[in-house]
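> give me a 3D structure for the following:
(one chain, ligands or ions: 2)
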Amino acid sequence: MDKVLFLADEEATIKCAAHLSQCVKSNAIIFLQGTLGAGKTTFSRGFLRGLGYNGPVKSPSYTLVEPYEFPDFTVYHFDFYRLNSPKELEFIGIQDYLNPHAISLIEWPEKGEGFLPKPDLCCYLASHEGGRQLRIETHSEKGNTILQRFQDEKSI
Ligand SMILES: Nc1ncnc2c1ncn2[C@@H]1O[C@H](COP(=O)(O)OP(=O)(O)OP(=O)(O)O)[C@@H](O)[C@H]1O
Ligand SMILES: [Mg+2]
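Ligands and ions are numbered 1, 2, ... in the order given. So this is what the prediction gives:
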């Protein structure tokens, strides 16, 4: 399944991601793709806002990962832009992060190709008419369920 949306401004990106976060309801792996400045970190910030986190959210491009703890699960925000080789993911113990109590948001997943599992959702962001086009693509049954909820409960 896939779904294409137009996000007119940063606020729309935040709202959309916040809405998506409400539809996940379990562990999940979400790839965030698009060129530099496409809005992947903005999307991650919105996702965390949707879960009730109101602190700062910056691209963890030097540390590779930033954890956000919630009572029942952890959101790991990854940014692999500065990864020199996908093999480095073995050294950071990537498999330990992708556990049943984790939601992973992964910027630049293409830099970790071969060392990342298949995502449940891929979100592609691209500049479009002054705003952004977002395509949400599902890659698993869980992904389908999340996108179905997203469409059914759409409130933006
Ligand atoms: N829907 C939108 N319309 C217009 N501008 C937007 C939209 N969503 C986000 N932006 C803007 O895009 C800019 C870059 O966003 P962001 O840092 O999230 O990109 P990124 O994809 O994470 O980049 P990087 O690859 O460098 O990590 C920000 O200034 C943000 O305000
Ligand atoms: Mg970013």
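> now do stretch 34-51: distance to the chain's middle.
7 Å (CA atoms, centre = their mean, to the nearest Å).
> quickly note the distance from the nearest residue to Phe150 once chain neighbours are set aside to Gly131.
Leaving aside its chain neighbours, Phe150 sits nearest to Cys23 (4.5 Å; criterion: CB to CB, 6 or more residues apart in numbering). Where C-beta positions appear, they are placed from N, C-alpha and C, glycine not excepted. Separation of Cys23 from Gly131 (CB to CB, to the nearest Å): 22 Å.
> same thing with His101?
35 Å.
> those two: who's more crowded?
Neighbours were counted for His101 and for Gly131 using other CB atoms under 10 Å; Gly131 has more, 15 against 10.
> how about low-confidence regions in this structure?
154-156 (pLDDT under 70).
> ligand 1 contacts on that one?
7, 9-10, 12-13, 34, 36-42, 59, 81, 107, 131-132 (CB under 6 Å from any ligand atom).
> next, the buried residues of stretch 139-147.
Across stretch 139-147, burial judged by 16 or more other CB atoms under 10 Å covers 139, 142-143, 145-147.
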